Every structure is written in structure tokens, then in C-alpha cells.
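Peer 1: just to be clear, the model below is a prediction. Sequence and coordinates:
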Amino acid sequence: MSIKSFTDQKNSIETPNGFNHNEKPLKTDQHKSNRVDINVLKSKLEQEQSKELKKNIIIFSFCIIILGSVGIYLSL
């Protein structure tokens, strides 16, 4: 009866010797630059600006109403 240990096992991984670096890679699709249409960017920017303008107008009108009501209250 023989006892085999881990040191008796030979695990060798062989690499191919004939590897040529000039071969094509496995992935043939090249990285294409993701182009963005300038009109899409402009429309998104305009939408954000219009939302911000509406928000600012609402805040400004609220402040004017508050100042007007305080002025009317103090004048009575």
C-alpha cells in the first residue's frame, strides 16, 4: 500500500509555443466611438432650462405676493 502526498503530484500547465502575436484577436469588433447628435443635446438642454425658468418664475412671483401682502398688512 502506497500513500501519495501532494508533493508527488505533478501539475504542469503547458503553454503553446507556437503563439504568434500577429494573429487576430478573439474579438473582431472594434470599439466604435459613441457619437451623440448635437440636436439631441440641444433639446435636452432647452428642456432643462425651461424647467429651471418656470421654477424661478414661480419662486419670484411667490416672493412678490408675500411682499405685497406684508405691505398691505402693514399699511392698514
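Peer 2: On my side now, so go ahead.
Peer 1: tell me where this structure is predicted with low confidence.
Peer 2: Along the chain, segments meeting pLDDT under 70 span 1-32.
Peer 1: R35: what secondary structure?
Peer 2: coil (DSSP: H, G, I helix; E, B strand; the rest coil).
Peer 1: now for it, how many residues are close by?
Peer 2: When neighbours are counted by other Cβ atoms under 10 Å, R35 registers 6. The way it works is simple: take the backbone N, C-alpha and C, and place the C-beta from them, glycine included.
Peer 1: same thing with F62?
Peer 2: Neighbours around F62, by other Cβ under 10 Å: 10.
Peer 1: packing partners of whichever strand or helix holds it?
Peer 2: F62 is part of helix 38-75 when elements are defined by DSSP states H and E. Helix 38-75 sits against no helix or strand, with contacts defined as 3 or more Cβ pairs under 8 Å, 6 or more residues apart in numbering; DSSP states H and E.
Peer 1: separation between S75 and G68?
Peer 2: For S75, the distance to G68 equals 11 Å [Cβ to Cβ, to the nearest Å].
Peer 1: of those two, give the one with the bigger neighbour count.
Peer 2: Neighbour count, other Cβ under 10 Å: between S75 and G68, G68 has more, with 10 against 6.
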